[in-house]
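Colleague: Got a predicted structure here, sequence first:
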Amino acid sequence: MQPRELTNLVSSTADAAFAIDGNGVVTAWNAAAAALFGRSEEAALGKQCGEILQGGDECGRVCSTNCSVRRAVQEAIPVGNFDLQVETANGRRWCNISVLVAQVATSQGTHSIHVVRPIDSRKKLEMLVRDFLVTETDMPAEQAAALVKTTRSASRQAELTRREIDVLRLLATGTKTSVIAERLHISRTTVNNHVQHILKKLGAHSRLEAIRRAEHAGLLRPGG
């Protein structure tokens with residue numbers, strides 16, 4: 001695909017859509033995206049995707065230089081649609097984002113097309129139902145989130161290894177580093193290395209934030 005074909009493809013949908021290259025730089029931007037985000041094509045092209053979207057989820061900021069979605073695209077891992085709260089012309093709004101991979105004849109890696117659809121009402125209802133289940137039925141937060149969630153979190157795209165998930169599950173139960181090391185038959189240094197990799201992949205700044213983000217993304221469920 002040539003760059004002009006990519007631009008034409010992005011312009012062909014009535015939904016807000018844009019394309020980014022392998023470095024996360026916007027390479028195509030349609031009229032609906034300009035209306036939703038309040039940025040003209042000229043103002044968006046060449047900017048970092050995360051700088052424009054400033055995306056976050058229930059646990060805080062998601063968009064970063066360690067974007068799990070961009071990493072999945074570069075590793076040819078299919079990306080399911082996910083919900084993200086982004087900065088728009090009318091303030092912070094929840095949107096559902098679908099990602100399509102496009103092989104473009106440039107040197108900037110694999111490009112991806114993001115199609116963005118506002119879902120404020122549905123997302124707010126989902127969060128209200130989740131909070132009701134937690135407060136009124138004593139259902140664990142992770143179980144309640146899994147029950148009402150209709151789509152995945154962007155953090156779901158993070159490719160955690162089996163061992164990292166084991167470590168994260170133990171962290172979620174309040175297990176100390178020394179005990180994790182003993183149970184998994186690894187050193188404390190290795191546990192801490194796994195934790196650092198988990199934080200980076202989930203875009204979290206603390207162990208607690210990583211646990212919350214993983215719970216919302218369904219990464220701690222059996223088979224997650």
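Modeller: Received, thanks.

Colleague: Only C-alpha atoms from now on, for both contacts and neighbour counts.
Modeller: Will do.

Colleague: Put the alpha carbons of the strand or helix carrying residue 92 into CSV.
Modeller: Using DSSP states H and E, residue 92 sits in strand 91-102. Extracted C-alpha coordinates of strand 91-102, given in CSV (Å, rounded to 0.1, in the frame of the first residue of the first chain):
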residue,chain,number,x,y,z
GLY,A,91,-13.4,17.4,27.1
ARG,A,92,-12.6,13.8,28.2
ARG,A,93,-14.8,11.2,26.5
TRP,A,94,-15.0,7.4,26.5
CYS,A,95,-14.5,6.0,23.0
ASN,A,96,-14.2,2.5,21.6
ILE,A,97,-11.2,2.0,19.3
SER,A,98,-10.7,-0.6,16.6
VAL,A,99,-7.2,-1.1,15.1
LEU,A,100,-6.4,-2.2,11.6
VAL,A,101,-2.9,-3.1,10.4
ALA,A,102,-1.7,-1.6,7.0
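
Colleague: which residue sits closest to residue 187 in space, ignoring its chain neighbours?
Modeller: residue 181 (5.4 Å; CA to CA, 6 or more residues apart in numbering).

Colleague: And the pLDDT at the one you found?
Modeller: On the pLDDT scale, residue 181 is placed at 94.

Colleague: can you check residue 204 too?
Modeller: Residue 204 is given a pLDDT of 79.

Colleague: Contacts only, for it.
Modeller: Applying CA atoms under 8 Å, 6 or more residues apart in numbering, we find residue 204 in contact with 210, 213.

Colleague: separation between it and residue 163?
Modeller: 18 Å (CA to CA, to the nearest Å).

Colleague: ditto for residue 79
Modeller: 22 Å.

Colleague: which one of these two has more residues nearby?
Modeller: The neighbour comparison of residue 79 against residue 163 (other CA atoms under 10 Å) goes to residue 79, with 18 against 12.

Colleague: which stretches of this protein have low pLDDT?
Modeller: Along the chain, segments meeting pLDDT under 70 span 107, 122-124, 127, 130, 141-158, 221-224.
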